[in-house]
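Colleague: Starting from these lines, generate the structure:
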Amino acid sequence: MRGTDEHDPAGAEGRRRVFYFNAGFLRQRRLRRIMELAAYDLRLGWPGPEDRIAVWGHSPYAARGEAAARRTGAGLIRLEDAWLRSVHPGRAGEPPLGLLIDTQRAHFDPSGPSDLEDLLARHPLDDTALMDRARAAIARLQEAHLSKYNAHDPAAPCPDPGYVLVIDQTRGDASVRIGGADANTFREMLYYAQEDHPGARIVIKTHPESAAGHRPGYFGPEDANGRIGLCTDPVSPWALLEGAIAVYTVSSQLGFEAIFAGHRPCVFGRPFYAGWGLTDDRSPLPLARRGRALSRAQLFAAAMILYPKWYDPYRDRLCGIEEAIGTLAALAREWREDRLGWQAHGMRLWKRAPLRKVFGRHGAVTFPGKPRRVPQMVWAGKAEAAPEDAVRVEDGFLRSRGLGAELVPPLSLVLDRRGIYYDPTRPSDLEDWIARRAHMRPDQTRRAEALIARITAEGRTKYNLGGTVPDLPRGHRILVPGQVEDDASIRAGAGRIRTNLALLEAARAAHPDAVLLYKPHPDVEAGLRAGAIAEEDALALADMVLSKADPAALLGMVDEVWTMTSLMGFEALMRGCRVTTTGAPFYAGWGLTPDLGPVPARRQARPGLPGLVHAALIDYPRYFDPQTGLPCPPEIVLDRLASGAVPHPGPANRLLSKLQGLFASRAALWR
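Modeller: Residues are numbered from 1 along each chain as shown. Now for the predicted structure:
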């Protein structure tokens, strides 16, 4: 039986020489890299009996390696894509996020045990932590609508619920052929789906490769009639399974996923997931070796956690399923939101190149000119420059190392279809996420808490400017962060107190004996935005004015924060500070802050701090990795900020930002 460390299963044995006879191995750099990280030394040449030969499953090209193995006595290793592969099928040229490397036989070959079958039959699968990981991963896959291929839209309509789902596969696929099935098996399956459920509608789900025109399936339009319909649309597999009353499959991965959607699928082939008490097995050739009864979590743990080699493209290493899900979720979200392209409005010239990098990998990002029938986006503060239904765009909350006003490109951006997070006069997507996160799974809470711990330990803030903090007076310290007074968040959500001076006055009136610390906003300090207070006026109210002080270090030295709508209030909550708001920032009104301003009555949910952080830093923004050019999870952005592998402001940026401020009134120049 194979080892249980999915990160380095071959490490204890040392590197193994593995030869290959398929030119595809030369072309697929990701495949070679995963094998190298899994301690297999891929090479060309002629193997000896102590070596191994790698072949791709039971593809036509595998015959060369199989012949070489027979001649030399070398052992075979069969490779397949892992169960969470990519957005598009491999034939579209996208590299896989993982491999199945089996030293016995392909997982779909029932003629004898595979490494996967050994795990399912012999591994204890009784570790509580492993089972918790399995259940959490299942929930994440369902919530993010992730499958092997992911060029589907979770919002796309499925057939009306109440149907029997029959799953098609690609004609001649090795899992069908090697599993002892053929076209007659698919006909038999369709017959029994109708016979077992008289009067029920039948929906045949076409395989994604067939729908894309790569390979034919076993069913086609000729099979459709009044009772039987074909589903060729790119719908979410999880949504499709939710509407089914029964599931019929030969050996499809969708049948495997049906188990975790709560079904007991009727299986007419002999896939790896049949025979363990979780399927209704209709194959005439039962597998006596598979007599063990498994739970859903045990099946998932063996097949999805212990068996595959998952790859982290950001850190160039093997990883666990949790990182693989995070990667695929970011890639799938990018495709789902950007595939139709965008027409962007209200974007200053310097923002256009970063926008194309973040939103333009799957569809063109164009700017005002001839109207295009594509989704519209607009910089949130320029909403009047776009159609009413335009999606609003803004910087995320882990933005960069340097100011946006100094033209430093962002590492995170948000897309909001309902409103925008800083405008409390209307609902926003962030509000919806916060309300949803009032109820969190344990794994979600752990992830948010780990993010909080890392952000606070590493001193991360929105702009990560650094700086020093002078010695502070003793006493009850209250930080009053200044803001840009003409900022959209002030205009939309500041309430009665709308200036930095008025905020200082209110904080002093409420706390006459406290140590009041005023920190000007960095954009204001840089002379790029409005909101400056004369130092003598500030010192008439505050005990100290902390110019160019490190916000992260400062938050660790104060007891309380008073703010209108500043993001520093959110950053202070993560550091355990009491935060009083006089306006209605996105984090106000949820029971986490004393709120002196009018907050929307619709904010009735009561998430904990982990729920707020999960919504604001994991669910809501999109993150961009400047090193790989890929969308990424927030943990990768923290890696880049820690390593310094992020865009930095330079003299040219600073000069252009000054000119931008000088000519801000000439909007046509910047749009």
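Colleague: Tell me how many other residues surround the nearest residue to G90 once chain neighbours are set aside.
Modeller: Closest residue to G90 apart from its sequence neighbours, by C-beta to C-beta, 6 or more residues apart in numbering: D81 at 6.3 Å. Placement of C-beta: from N, CA and C, glycine included. Residues near D81, counting by other C-beta atoms under 10 Å, number 21.
Colleague: can you give me the strands in the stretch 551-671 of the chain?
Modeller: Applying DSSP state E, counting those that start in this stretch to the stretch 551-671 of the chain gives strands spanning 560-563, 578-581, 621-624, 631-632.
Colleague: can you pull the pLDDT of M35?
Modeller: pLDDT for M35: 97.
Colleague: Can I take it that it is in a strand?
Modeller: No - M35 sits outside any strand when classified using DSSP: H, G, I helix; E, B strand; the rest coil, being helix.
Colleague: measure the nearest residue to it once chain neighbours are set aside to L26 for me?
Modeller: Spatial nearest neighbour of M35, excluding adjacent residues (C-beta to C-beta, 6+ apart): L42 at 5.2 Å. Distance of L42 to L26, given as C-beta to C-beta, to the nearest Å: 9 Å.
Colleague: who has more neighbours, those two?
Modeller: Applying other C-beta under 10 Å to L42 and L26 shows that L42 carries more neighbours, namely 18 against 12.
Colleague: quick one: that one is in a strand?
Modeller: Yes - counting by three-state DSSP, one finds L42 located in a strand.
Colleague: in terms of contact, does it touch R32 like I think?
Modeller: Yes - using C-beta atoms under 8 Å, L42 makes contact with R32 at a distance of 5.5 Å.
Colleague: list the residues that contact both of those two?
Modeller: Residues touching both L42 and R32 (C-beta atoms under 8 Å, 6 or more residues apart in numbering): F25.
Colleague: hang on, A139 packs against M440?
Modeller: No - proximity of A139 to M440 does not meet the contact threshold set by C-beta under 8 Å, at 10.9 Å.
Colleague: Just send the strands of the stretch 551-671 of the chain back as CSV, with distance to V250, mean neighbour count and mean pLDDT too.
Modeller: As requested, the strands of the stretch 551-671 of the chain are exported to CSV (distance: least, C-beta to C-beta, whole Å; neighbours: other C-beta atoms under 10 Å; pLDDT from 0 to 100):
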stretch, distance to V250, mean neighbour count, mean pLDDT
strand 560-563, 60, 25, 98
strand 578-581, 57, 22, 98
strand 621-624, 38, 24, 97
strand 631-632, 35, 24, 98
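Colleague: could I get those strands as a markdown table with distance to G369?
Modeller: Below are those laid out as a markdown table (distance: least, C-beta to C-beta, whole Å):
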| stretch | distance to G369 |
| --- | --- |
| strand 560-563 | 41 |
| strand 578-581 | 42 |
| strand 621-624 | 25 |
| strand 631-632 | 27 |
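Colleague: quick one: N184 and Y248, what's the gap?
Modeller: Counting by C-beta to C-beta, the separation of N184 from Y248 is 15 Å.
Colleague: So the two - more neighbours on which side?
Modeller: Y248 (28 against 9).
Colleague: Bridge partners for that one, pull those for me.
Modeller: Here Y248 shows beta-bridge partners V166, C266, assigned using DSSP bridges.
Colleague: any idea how far it lies from Y191?
Modeller: Relative to Y191, Y248 is positioned 10 Å away (C-beta to C-beta).
Colleague: again with H521
Modeller: Taking C-beta to C-beta, one finds H521 at 71 Å from Y191.
Colleague: Would you mind telling me which of these two has more residues around it?
Modeller: Between H521 and Y191, counted using other C-beta under 10 Å, H521 has the larger neighbour count: 23 against 10.
Colleague: how many neighbours does the residue nearest to the more buried one when sequence neighbours are not counted have?
Modeller: The shortest distance from H521 to any non-neighbouring residue, by C-beta to C-beta, 6+ apart, is to G482 (4.6 Å). Other residues near G482 come to 27 when the count uses other C-beta under 10 Å.
Colleague: Same question for L141.
Modeller: Neighbours around L141, by other C-beta under 10 Å: 23.
Colleague: Am I right that it is in a helix?
Modeller: Yes - checked against three-state DSSP, L141 lies within a helix.
Colleague: My guess is it contacts I325. True?
Modeller: Yes - L141 sits in contact with I325 when judged by C-beta under 8 Å, with a separation of 6.6 Å.
Colleague: list residues touching both of those two?
Modeller: L84.
Colleague: returning to that earlier point: list the contacts for the residue nearest to H521?
Modeller: Counting by C-beta under 8 Å, 6+ apart, G482 has contacts N500, L503, Y518, K519, P520, H521, V524, G531, I533.
Colleague: Need the per-residue pLDDT for the second one.
Modeller: The pLDDT attached to L503 in the predicted structure is 96.
Colleague: tally of neighbours for it?
Modeller: If we define neighbours as other C-beta under 10 Å, then L503 has 25 of them.
Colleague: Just the element for it, please.
Modeller: L503 belongs to helix 500-510 when assigned by DSSP states H and E.
Colleague: In that helix, which residues are buried?
Modeller: Within helix 500-510, the residues scored as buried using 16 or more other C-beta atoms under 10 Å are N500, L501, L503, L504, A506, A507, R508.
Colleague: Columns distance to A383 on top of those residues, output as CSV?
Modeller: CSV is the format used below for the buried residues of helix 500-510 (distance: C-beta to C-beta, whole Å):
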residue, distance to A383
N500, 25
L501, 29
L503, 26
L504, 31
A506, 30
A507, 32
R508, 36
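Colleague: I'd like to know which of these is nearest to L287.
Modeller: L503 (71.4 Å; C-beta to C-beta).
Colleague: shouldn't that closest one be in contact with V561?
Modeller: No - L503 lies out of contact with V561 (C-beta under 8 Å); the separation is 11.0 Å.
Colleague: Sort out which residues of stretch 603-623 are buried, please.
Modeller: Buried positions in stretch 603-623, judged by neighbour count with 16+ other C-beta under 10 Å: 603, 605, 607-623.
Colleague: what residues are shared contacts of L503 and V561?
Modeller: What both L503 and V561 touch, as defined by C-beta under 8 Å, 6+ apart, is the set V480.
Colleague: The strands of the stretch 551-671 of the chain: which one's closest to V166?
Modeller: Set against V166 and scored by C-beta to C-beta, the strands of the stretch 551-671 of the chain come closest in strand 631-632, at 34.6 Å.
Colleague: Could you list every helix and strand in contact with that closest one?
Modeller: helix 321-338, strand 621-624 (3 or more C-beta pairs under 8 Å, 6 or more residues apart in numbering; DSSP states H and E).
Colleague: what about stretch 348-368, start to end distance?
Modeller: 12 Å (C-alpha to C-alpha, to the nearest Å).
Colleague: quick one: buried residues of it?
Modeller: 350-352, 354-356, 358-361, 363, 365-366.
Colleague: Give me the subset of these lying in helices.
Modeller: With helices taken from DSSP state H, the overlap with these comprises W350, K351, R352, P354, L355, R356, V358, F359.
Colleague: Max pairwise distance over those residues: which two?
Modeller: W350 and F359 (15.7 Å).
Colleague: Sweet, I'm off.
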